[in-house]
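S.K.: Build the 3D model from these lines:
(2 chains)
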Amino acid sequence: MTIESQIKEYIAKNLLFSSDGFKYSDEASFLEEGIVDSQGVMELVLFVEENFNIQVNDPEIVPDNFDSVSKLAAYVRRKSGVF
Amino acid sequence: MLVQDFLHNSVDRSPEKVALICDGQRFSYRDIEIAANRLANAFIGGGLQRGDRVVIYLPNSAASVTAIFAALKAGGVFVVINHTTKQDKLIQILKNCRATAIVTHGRDEALIRAILSAAPSVKTVVLTKPISDQLDMRSLENDHPARILIYDEVQKTESDLRPPRVNIDLDLACLIYTSGSTGEPKGVMSDHSNVVFAASSIIEYLQNVEDDIVIDVLPLSFDYGLYQLLMVFKFGGTLVLERSFAYPAAILKRMEEERVTGFPGVPTIFAMLLNMDLSQFDLSHLRYITNTAAALPASHIQQLRQKFPWATIYSMYGLTETKRTLYLPPDQLDRRPDSVGIPIPGTEAWVVDEQGNRLPPGSVGELVVRGRHVMRGYWEDPELTAMRYRPGLIPGERLCYTGDLFRMDEEGFFYFVGRKDDIIKTRGEKVAPKEVENVLYRIPGVVEAAVVGVSDPVLGEAVKAVVVADRSQLTEAQILAFCRAHLEDFMVPQQVEIRDELPKTPSGKIDKKLLK
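M.R.: As a prediction, this is how the structure comes out:
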């Protein structure tokens, strides 16, 4: 399963409580579209740390890394490449 | 003075000054004035009458700021609804206030259809986003007798002239929805004079000046977030408006870049800040920090002062029904870190017993508030209004009975003790246990549910849900997920506990005292 699909599956199941998956585009802004709220961002941080075995530092929790499926996937790829 | 005069006076004084920084864009007072005039003219063209309600259902954005002033300029009453409010409750509020116009995004055609079917009072819909291809505007307009307008089109076609003034300051300016103990949303009515008074009083003690640059990470649906905008426009400063505090590092970076001088927050925000390494940000421009909601734990005040020794810290208390009520003059922080202070300038407050007798210092009683910031009551709810707003000594005068228990010390400083009813105060917002319980009962498998507030050093109170499930394999995570899908962020329980049964009183009611 791609990183993108894992992220979408997690959000659909745990943040949207949706039974028919993640219906937004990979570029949709989480905050603007109301997909993820402030608390949800912290949960996403925990999810990527555990699921992809990476360490997220505070200064990296920014919209450029976390505010859409594609941004988050790109961030995870960058981080896993480093470690 | 009317609330829109905050904008009018500032645009007359310094039209080119940056009023708003939002989404990477900078808007001068003139930009906002023109955009708001155009939208106001569109409302008027759509038939908006003096006193009509305009609902704004958007995340914090330049469009929401414009819509607030446009509604006022058109003679209407603005109602900002939290962007995380779910469809059912949104419709409930639209029906309750019989909104004639709504400003929202256009990405969800089903939502627009649901609004138009369920709330036929809505005659004008303004959509802020370029519509998705699927949204068939013509078929929408054919199915419903409403005008659907696109925000960007309105900005191109409508007149930018300021509409003629139709209100006086006794007319309503806004409704702010809050939770009542029955779980139904209640709209607190503010007239123009209430807002003008409250904003002026707060500006007075914060000593705001035109050079102040205030960052607002709180939703405009929350009076604390809304008043940042209103106050900044009144004193002619600059507002940096953010969607939320979800990305703290990004906010701190923005504060550095924009040389922010004023930072209003709530305890959860400060708790996050205190856990971060702030050394990489230059926040030396910060002049003041304000906190309201639950009182900040004394230890957090101490740490904040260590991190920002150059900034003044204001501990405050308020409720939507009177806007801000108390503030602690900063020179008292060392002497009384637990106090939320004294009445705001031009107002008074005291505590009473159950019979309404004034209590001496040291006794615990209900806080009563007197002043021009005492709002006009609850929209179309005379019963609840009569309970919360009662006559004062002078004929025609109204006092606000807050429902909050306080004690006062010998020198007149107030200390929050708790709530009289079972309303939970978390993050400065009120949560009616009933409203959360109603959602819990909709989860398949839930047999019994009770929601209580448990004391929390940061939130004031945390929302705790205790649930009895039938044999279905209901998990805490599922319960939380359902709550998230049906409740605003701040109402979602922080704790969920599944039990085999709930404690009962002899009369068979759930005994909530034993759940805390």
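
S.K.: Run through the chain and note the low-pLDDT ranges.
M.R.: Looking at chain A here, since you left the chain open. The model of chain A has pLDDT under 70 over residues A:17-19, A:82-83.

S.K.: let's do chain B instead
M.R.: B:130-136, B:180-182, B:293-294, B:507.

S.K.: Outline the domain layout of it.
M.R.: Each domain of chain B is listed here as a residue range: B:4-167, B:195-202+B:210-217+B:225-230+B:242-419, B:424-515, per automatic domain parsing.

S.K.: May I see these organised as a markdown table, with distance to chain A and mean neighbour count added?
M.R.: Heads up, the C-betas are built off the backbone N, CA and C, glycines and all. Output for the domains of chain B, formatted as a markdown table (distance: least, Cβ to the nearest Cβ, whole Å; neighbours: other Cβ atoms under 10 Å in any protein chain shown):
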| stretch | distance to chain A | mean neighbour count |
| --- | --- | --- |
| domain B:4-167 | 6 | 19 |
| domain B:195-202+B:210-217+B:225-230+B:242-419 | 4 | 19 |
| domain B:424-515 | 4 | 18 |
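
S.K.: Take those domains and write them to JSON lines, including distance to B:Tyr177.
M.R.: Output for those, formatted as JSON lines (distance: least, Cβ to Cβ, whole Å):
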{"stretch": "domain B:4-167", "distance to B:Tyr177": "6"}
{"stretch": "domain B:195-202+B:210-217+B:225-230+B:242-419", "distance to B:Tyr177": "9"}
{"stretch": "domain B:424-515", "distance to B:Tyr177": "10"}
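
S.K.: closest one to A:Ile54 among the ones you listed?
M.R.: Closest approach to A:Ile54 among the domains of chain B (Cβ to Cβ): domain B:195-202+B:210-217+B:225-230+B:242-419, 16.7 Å.

S.K.: residues touching B:Val54, list them.
M.R.: B:Val54 makes contact with B:43, B:48, B:67, B:70-71, B:74, B:76-79, B:99-103, according to Cβ atoms under 8 Å, 6 or more residues apart in numbering or on different chains.

S.K.: quick one: which of these sit in helices?
M.R.: B:Phe43, B:Ala67, B:Ala70, B:Ala71 (DSSP state H).

S.K.: I'd like to know which of those residues is nearest to B:Ile34.
M.R.: B:Ala70 (10.8 Å).

S.K.: unless I'm mixing things up, that closest one is touching B:Ala36, no?
M.R.: Yes - the criterion here is Cβ atoms under 8 Å, and B:Ala70 meets it with B:Ala36 at 4.5 Å.

S.K.: Just want the most central residue of chain B.
M.R.: Central residue of chain B (Cα atoms, centre = their mean): B:Phe222, 0.9 Å from the mean position.

S.K.: What distance do you get for it to chain A?
M.R.: 13 Å (Cβ to the nearest Cβ, to the nearest Å).

S.K.: That residue against B:Arg427, yeah?
M.R.: No - applying Cβ under 8 Å as the test, B:Phe222 and B:Arg427 come out as separate, 9.2 Å apart.

S.K.: State the helix or strand in which residue 34 lies.
M.R.: No chain specified, so I'll use chain A. Using DSSP states H and E, A:Gly34 is not contained in any helix or strand.

S.K.: wait, I meant chain B there
M.R.: Assigned by DSSP H and E, B:Ile34 belongs to helix B:29-45.

S.K.: Direction included, what does whichever helix or strand comes after that helix pair up with?
M.R.: As assigned by DSSP H and E, the chain's next helix or strand after helix B:29-45 is strand B:53-57. Applying DSSP bridges, strand B:53-57 is found paired with strand B:77-80 (parallel), strand B:101-104 (parallel).

S.K.: Turn these into JSON lines, including distance to B:Asp52.
M.R.: Output for those, formatted as JSON lines (distance: least, Cβ to Cβ, whole Å):
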{"stretch": "strand B:77-80", "distance to B:Asp52": "7"}
{"stretch": "strand B:101-104", "distance to B:Asp52": "7"}
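
S.K.: Out of these, which gets nearest to B:Thr238?
M.R.: Of the strands paired with strand B:53-57, nearest to B:Thr238 by Cβ to Cβ is strand B:77-80, at 20.6 Å.

S.K.: to the chain's geometric centre, what's the distance from the closest one?
M.R.: Counting by Cα atoms, centre = their mean, to the nearest Å, strand B:77-80 is centred 12 Å from the centre of its parent chain.

S.K.: Please list the residues of chain A that sit near chain B.
M.R.: A:13-18, A:31-34, A:36-41, A:58-63, A:66-67 (Cβ under 8 Å from any Cβ of the partner chain).

S.K.: Among those, which ones are in helices?
M.R.: A:Ser38, A:Gln39, A:Gly40, A:Val41, A:Pro63, A:Phe66.

S.K.: Tell me which two in these are the farthest apart.
M.R.: A:Gln39 and A:Pro63 (16.1 Å).

S.K.: Can you show me the helices along the stretch 251-400 of chain B?
M.R.: With DSSP state H, counting those that start in this stretch, the ranges of helices along the stretch 251-400 of chain B come out as B:267-274, B:298-307, B:382-388.

S.K.: From the rest of the structure, what touches the last one?
M.R.: For helix B:382-388, the external contacting residues (Cβ under 8 Å, 6+ apart) are B:Gly180, B:Lys186, B:Glu321, B:Gly377, B:Tyr378, B:Cys400, B:Tyr401, B:Thr402, B:Gly403.

S.K.: Quick check: B:Leu474 touching B:Gly445?
M.R.: Yes - in this structure B:Leu474 lies within contact range of B:Gly445 using Cβ under 8 Å: 4.4 Å.

S.K.: any idea how far the closest residue to B:Glu210 other than its chain neighbours is from chain A?
M.R.: Among residues not flanking B:Glu210 along the chain, B:Gly236 sits closest, at 4.6 Å (Cβ to Cβ, 6 or more residues apart in numbering or on different chains). Here B:Gly236 is placed at a distance of 29 Å from chain A (Cβ to the nearest Cβ).
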